[in-house]
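Novice: Coordinates for the following, if possible.
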Amino acid sequence: MEAVTGPTPALQEQFTKALGSALSRPTIFPVPGFAIRTLFGDLGDEMLLSGQRVLPTKLLDAAFEFAAPTIDVGLEQALAE
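Specialist: Numbers count the residues shown, from 1 in each chain. Below you'll find the predicted structure:
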């Protein structure tokens with residue numbers, strides 16, 4: 001499976017704030033890790049609490065121009081469709 005990522009990695013906190021902004025909803029507080037682990041067990045750890053720093057190295061090296069270079073722009077565009 002191939003995947004593409006944007007040039008600017010986002011932390012979960014940044015993603016949550018950007019999504020709340022795009023949906024015009026408040027993002028008051030994060031869900032604590034122990035609550036995720038209690039509700040979802042190992043799956044919660046793997047899917048919601050761990051992360052990966054992924055960069056599109058080949059596209060950046062080729063000077064590719066991204067239509068949505070940040071998470072804010074990407075979510076705005078995705079939700080507008």
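
Novice: Residue 43: neighbour count?
Specialist: 11 (other C-beta atoms under 10 Å). C-betas here are computed from N, CA, C, even on glycine.

Novice: Secondary structure element for it, which one?
Specialist: helix 33-44 (DSSP states H and E).

Novice: Show me what that helix is in contact with.
Specialist: Identification of contacts with helix 33-44 by C-beta atoms under 8 Å, 6 or more residues apart in numbering yields 45, 47, 48, 49.

Novice: I'd like to check which residues are in contact with the residue nearest to the spatial centre of the chain.
Specialist: Closest residue to the average C-alpha location of the chain: residue 15 at 4.6 Å, with C-alpha atoms, centre = their mean. Listed by C-beta under 8 Å, 6+ apart, the contact set of residue 15 reads residue 71.

Novice: about what we covered before: distance from the chain centre to the helix holding residue 43, please.
Specialist: 19 Å (C-alpha atoms, centre = their mean, to the nearest Å).

Novice: Likewise for stretch 29-41?
Specialist: On C-alpha atoms, centre = their mean, the centre of stretch 29-41 falls 18 Å from the chain's centre.

Novice: And for the protein, the residue most distant from the center?
Specialist: The chain, C-alpha atoms, centre = their mean, max distance from centroid: residue 62 (23.6 Å).

Novice: Contact partners for that one?
Specialist: Counted by C-beta under 8 Å, 6+ apart, residue 62 has zero contacts.

Novice: Closest one to residue 24 out of the contacts of helix 33-44, please.
Specialist: Residue 24 lies nearest to residue 48 out of these, by C-beta to C-beta, at 23.5 Å.

Novice: For the closest one, grab phi and psi.
Specialist: With angles defined as degrees, to the nearest 10, residue 48 sits at phi -110, psi -30.
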